[in-house]
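Enquirer: Just a sequence and a predicted model for now, questions to come.
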Amino acid sequence: MTGPVRERVALLGHPVGHSVSPAMHNAAFRALDIPMTYSAIDVPPADFTTRVNSLRSSPWRGANVTIPHKTRAHEIADSHDETARRSGSVNTFVRDDGQLLGYDTDGPGLLEALEARQGFHPNGSRCVVLGAGGAANAAVAALAAAGAEAITVLSRTPERASAHRAIQRDASEVGVLGDPAAWPAEVDLIVHATPVGMSVSPGSEAYRDAVDTCDAWIPGSLPGTPLFLDLIYTPRQSAFLAAASRRSERLEDGLEMLVRQAGLAFSLWTGKAAPLEGMRNAAIQALTAHR
């Protein structure tokens, strides 16, 4: 006697070898006895469109998308939810009768994580977002929709941030990453959304270089005690947070955002509430194993 046919979902990115998403989602599927499987697929940019179009038929239920494909995923999607329309970024596909529906769960996941872990509410806040890729765009859109008073986007390629600002109309300023004069006089939240420090081992030369790079981006002193959030998740302190710790004790890594955005994607695919605690535990176990 055969079991139910297992639908598939996957993470599409480049690289993806470090990802703990398969551990999280497969643990959730097992916990709720859902006949689905999740895998990570390394997809170079040149192959991304072809790979995405292969999701339009069974056995695929959908996919997650990560660096460097989120903006391209937005272009490919047949339709978008409101959050994805605002952010210009898609990190989740849902297949529906051959159509690929595009969602952004990064932004809502960010807001959930800030509230759950730090009790932080963006309404009226002054924010700085470092980066101009899909994750940065999602953060800007989410913070603006949640009522942030001002958002400054700092990027090594400010023309990308400026182009996105013209679409979103919700980033108040755009500046060059590394220019101290580009920083606002007051800031409540600083979000790191660049790949600097990703997949480097604490204590390594690459880690030390990443700390130095991040340290050079942040002014030597900042008024008040801003909250620093790194969207990168690591089993130990990230390079960005190591640099940030010289300015503030309010530090948060990307683990909770990872779990929350994954939970939202899980619900889109299954129609069920995600078992967040089990997903969080699976992510921590996988991160520990990768150390």
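Expert: Nice, thanks for sending it over.
Enquirer: Got the domain ranges for the chain?
Expert: 7-104+261-290, 107-253 (automatic domain parsing).
Enquirer: who touches residue 128 in this structure?
Expert: 151-154, 183-184, 187, 189-191 (C-beta atoms under 8 Å, 6 or more residues apart in numbering). For the C-beta atoms, the positions are set from N, CA and C on the backbone; glycine is no exception.
Enquirer: if I've got this straight, it is in a strand?
Expert: Yes: Residue 128 forms part of a strand when assessed by DSSP: H, G, I helix; E, B strand; the rest coil.
Enquirer: Which residues does it form beta bridges with?
Expert: residue 152, residue 190 (DSSP bridges).
Enquirer: if I look at it, how far off is residue 55?
Expert: Distance of residue 128 to residue 55, computed by C-beta to C-beta, to the nearest Å: 35 Å.
Enquirer: for residue 232, same thing?
Expert: 26 Å.
Enquirer: do the same with residue 149
Expert: 39 Å.
Enquirer: Name the residue in the two with the higher neighbour count.
Expert: Shown here are residue 149 and residue 55; by other C-beta atoms under 10 Å, residue 55 has more neighbours (21 against 15).
Enquirer: residue contacts, the residue lying closest to residue 247 once chain neighbours are set aside?
Expert: Nearest non-adjacent residue to residue 247, counting by C-beta to C-beta, 6 or more residues apart in numbering: residue 222, 5.5 Å away. Contact analysis of residue 222 by C-beta under 8 Å, 6+ apart lists 183, 187, 247-248.
Enquirer: Tell me the pLDDT of residue 116.
Expert: pLDDT for residue 116: 97.
Enquirer: what about residue 61, distance to residue 134?
Expert: Distance from residue 61 to residue 134, by C-beta to C-beta: 22 Å.
Enquirer: So if I had to pick from these two, which one is more boxed in?
Expert: Shown here are residue 61 and residue 134; by other C-beta under 10 Å, residue 134 has more neighbours (27 against 21).
Enquirer: Which element, helix or strand, includes residue 248?
Expert: Using DSSP states H and E, residue 248 maps to neither a helix nor a strand.
Enquirer: Give me the neighbour count for it.
Expert: 16.
Enquirer: Please, where are all the helices along the stretch 151-291 of the chain?
Expert: 158-168, 205-217, 239-244, 255-270, 276-290 (DSSP state H, counting those that start in this stretch).
Enquirer: Out of those helices, which gets nearest to residue 51?
Expert: Taking C-beta to C-beta, helix 255-270 is the member of the helices of the stretch 151-291 of the chain nearest to residue 51, at 17.7 Å.
Enquirer: looking only at pLDDT, what's the mean for the closest one?
Expert: On average, helix 255-270 scores 98.
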